[in-house]
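S.K.: just need the structure, nothing else, for what follows:
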Amino acid sequence: MAKQPESESFLDMFSKFGRDLKLPNVDVQAILDHHRKNLEALEKSARAGAAGASSVLSRQREMVQDALSEITRMAQNYQAPGHPQELMTKQVEFARKSFETTLKNAGEVAEIVKKSGTESIEILRDRIKDAMAEIRAGYDKK
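M.R.: Sure thing, here's the model as predicted:
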């Protein structure tokens, strides 16, 4: 069987096309590098976002396990009170603990999401700053 020639990548074809056109003052490699850096920043930002989502899911799983453990503990320690007032006191205490834990957990998850989003946006913001500097530098050469 005859060996198939390796096909050129899109970037190689685009680069060759630019060289073949012989356009004045066009640095095709600089354009390719610029877009490659953009794609790398997008990938890095997406990874940061995915890591944040993974952290949120992991922490939520821990929270559910903790809640189930607490419910199990309470059920095991439950004794029918002799007086309705005692039953009401235990139920109020459980509701209070549940509410406080829910607020604490919601705040913790919100902080993880905020941190992840901030990190992801910061990566893109830095790339935009660098891209603007690259564009300015390109105009300053002329």
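S.K.: just how off-centre is the host helix or strand of S15 within its chain?
M.R.: If you go by DSSP states H and E, S15 is part of helix 10-21. Distance, stretch centre to chain centre, for helix 10-21: 34 Å (Cα atoms, centre = their mean, to the nearest Å).
S.K.: next helix or strand past it?
M.R.: Helix 10-21 is succeeded, C-terminally, by helix 28-76 (DSSP H and E).
S.K.: tell me what that following helix is packed against?
M.R.: helix 10-21, helix 84-140 (3 or more Cβ pairs under 8 Å, 6 or more residues apart in numbering; DSSP states H and E). (Glycine included, C-beta is placed from N, CA and C.)
S.K.: worst average pLDDT in those?
M.R.: Among the helices and strands packed on helix 28-76, helix 10-21 carries the lowest mean pLDDT, a mean of 74.
S.K.: and S116, how many residues sit next to it?
M.R.: For S116, the neighbour count with other Cβ atoms under 10 Å is 19.
S.K.: mind listing what it touches?
M.R.: Contact analysis of S116 by Cβ atoms under 8 Å, 6 or more residues apart in numbering lists A48, G49, A51, G52, A53, S55, V56.
S.K.: one more pass at 10 Å, please.
M.R.: Applying Cβ atoms under 10 Å, 6 or more residues apart in numbering, one finds that S116 lies in contact with A48, G49, A50, A51, G52, A53, S54, S55, V56.
S.K.: equivalent analysis for K104, please.
M.R.: M63.
S.K.: I figured S120 hits G49, correct?
M.R.: Yes. Contact status for S120 versus G49: in contact at 4.6 Å, counting by Cβ atoms under 10 Å.
S.K.: okay, now R59: neighbour count?
M.R.: 15.
S.K.: residues in contact with it?
M.R.: Taking Cβ under 10 Å, 6+ apart, we find R59 in contact with N105, E108, V109, E111, I112.
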